[in-house]
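Student: sequence below, structure please.
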Amino acid sequence: MALYEGLNRGPAQAGEPSDFRTLRARMAKEGPAAPMLDRIMGAGAGHTLARSVGTALGGAARQWRAAQSGAVRPGARREPPAKAWSKPRMQAVGSGESHLPSGRKGLGRVLIIAAGLAWAVAALRPWQRSGALRAEMSALLRLPEAGQSDGAVDGSRAAAQTAQTARDAAALDALPLQPATGKPMGLWQDGAGRWWKADASGALAPCPDPNSSEYLGLPEIRGVAARPEAYRGGRRLLLDLPSGRLGDLLPLDPSVSSEVRALVLDDPAQPVLVTLDGVRCLLGGGDWAERQKRLALVLADLAARRRRVAQVDLRYDGTAVVRPLGR
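Tutor: Numbers count the residues shown, from 1 in each chain. Got it, this is the predicted structure:
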């Protein structure tokens, strides 16, 4: 309780003694920032932890010295061993002399941080991205070195593609051959000298005797290679032509079939016929049947005149350009 007197008095006159004193309060400057452990777990947490650790270490040291000193002398008073851990009944934390700020314990902060980490893990799902991360890291590790030139990289890629193509070809060659079963339209000879018969789709089958009467009148097919492909659990050989092109050109018209020795397909769009006398007949890509009939008339006229020519050009409508032999 406080007692105030002279409240009804007027203001003190100048020079009149006054019963009041002026008090000045000086606030102490704010001390240094609290340690991290005190900011998380509360004021005085670091001091308490250090004190507890020091007490435990001191008790352990006393026990070790007692064990090293040997047996206790007879008649000596046994002192109870010091406790390695002592918990004071009451302790003042954050006293007035300390500049540590007072605050709540940091359990709530720990729970908030743990919840944030759990949400981040659930959102990112690192267990689902582990495979993609390994693939990206392996691709990064396989990148060319800084000093490696673009030409070396292209060369290594080309070598890898060539090796893969060779492996695929070897695996395909190991499959059993499935020969063509269609009607033969022509004969084809490979680089090893073996003869094959080709049907309208360009599929090949072995031909052990090309001079047999069964293949009489079939033209040779030149200027084209063959390629293998997987077919019905095995492999088959096909002439490397556009689909259906050989069926459009063969069989030849009966008026010229007896005079033709070979069909040259260096350019499948511009087929060339070679006669038994070695005359090259350029027929072009127009009406194939009509140009064969015109070729039959030209060859009959040349035979009647007993003229030998090197080439007959029928690529232009209504004309036949003949180049004599030796020019």
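Student: quick one, strands of the stretch 151-300 of the chain?
Tutor: Per DSSP state E, counting those that start in this stretch, the stretch 151-300 of the chain carries strands over the ranges 186-189, 195-198, 204-206, 220-222, 226-231, 234-239, 260-264, 272-275, 280-282.
Student: can you list the domain ranges for the chain.
Tutor: The record, using automatic domain parsing to delimit domains, assigns the chain the ranges 166-242, 252-327.
Student: can I get the ones you listed in JSON lines with mean neighbour count, distance to Asp154 and mean pLDDT?
Tutor: (Each C-beta comes from the backbone N, C-alpha and C, glycine too.) Listed next are these as JSON lines, based on neighbours: other CB atoms under 10 Å; distance: least, CB to CB, whole Å; pLDDT from 0 to 100:
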{"stretch": "domain 166-242", "mean neighbour count": "15", "distance to Asp154": "19", "mean pLDDT": "92"}
{"stretch": "domain 252-327", "mean neighbour count": "15", "distance to Asp154": "31", "mean pLDDT": "93"}
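Student: need those domains in CSV (columns: distance to Ala123).
Tutor: Shown next, in CSV, are these (distance: least, CB to CB, whole Å):
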stretch, distance to Ala123
domain 166-242, 44
domain 252-327, 61
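Student: circling back: to Thr55, which of the strands of the stretch 151-300 of the chain lies closest?
Tutor: Distances from Thr55 to each of the strands of the stretch 151-300 of the chain were compared using CB to CB; the minimum, 82.8 Å, belongs to strand 226-231.
Student: which helices and strands does the closest one pack with?
Tutor: The criterion is 3 or more CB pairs under 8 Å, 6 or more residues apart in numbering; DSSP states H and E, and the helices and strands that strand 226-231 contacts are helix 150-173, strand 234-239.
Student: each with direction, which strands does that strand pair with?
Tutor: Pairing partners of strand 226-231, with direction, according to DSSP bridges: strand 234-239 (antiparallel).
Student: can you get me a residue count around Leu111?
Tutor: Neighbours of Leu111 under the rule other CB atoms under 10 Å: 10.
Student: for the protein, which segments count as helices?
Tutor: Per DSSP state H, the chain carries helices over the ranges 36-41, 45-68, 107-124, 126-141, 150-173, 245-249, 254-257, 288-305.
Student: next, the closest residue in space to Gly223 that isn't next to it in sequence: phi, psi?
Tutor: Counting by CB to CB, 6 or more residues apart in numbering, the nearest residue to Gly223 once its immediate chain neighbours are dropped is Asp266, at 3.9 Å. The phi and psi values for Asp266, taken as degrees, to the nearest 10, are phi -60, psi -40.
Student: hang on, isn't Asp266 packed against Ala225?
Tutor: No: shown here, Asp266 and Ala225 do not form a contact pair, counting by CB atoms under 8 Å, at 11.1 Å.
Student: mind listing what the nearest residue to Leu249 once chain neighbours are set aside touches?
Tutor: With CB to CB, 6+ apart as the measure, Pro271 is the residue that lies nearest to Leu249, at 5.7 Å, once sequence neighbours are left out. Under the criterion of CB atoms under 8 Å, 6 or more residues apart in numbering, the neighbours of Pro271 are 249, 263-265, 283, 285, 288.
Student: distance to Pro219 added to those residues, as CSV?
Tutor: Written out in CSV, the entries for those read as follows (distance: CB to CB, whole Å):
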residue, distance to Pro219
Leu249, 9
Leu263, 5
Val264, 10
Leu265, 11
Leu283, 13
Gly285, 18
Trp288, 14
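Student: with those residues in mind, which one is nearest to Leu297?
Tutor: Proximity of those to Leu297 was ranked by CB to CB; the top entry is Leu283 with 13.4 Å.
Student: got the phi/psi numbers for the closest one?
Tutor: Backbone geometry at Leu283, expressed as degrees, to the nearest 10, gives phi -100, psi -20.
Student: ok, the nearest residue to it once chain neighbours are set aside to Gln161 distance?
Tutor: Spatial nearest neighbour of Leu283, chain neighbours left out: Arg291 (4.5 Å); criterion: CB to CB, 6+ apart. From Arg291 across to Gln161, the span is 43 Å (CB to CB, to the nearest Å).
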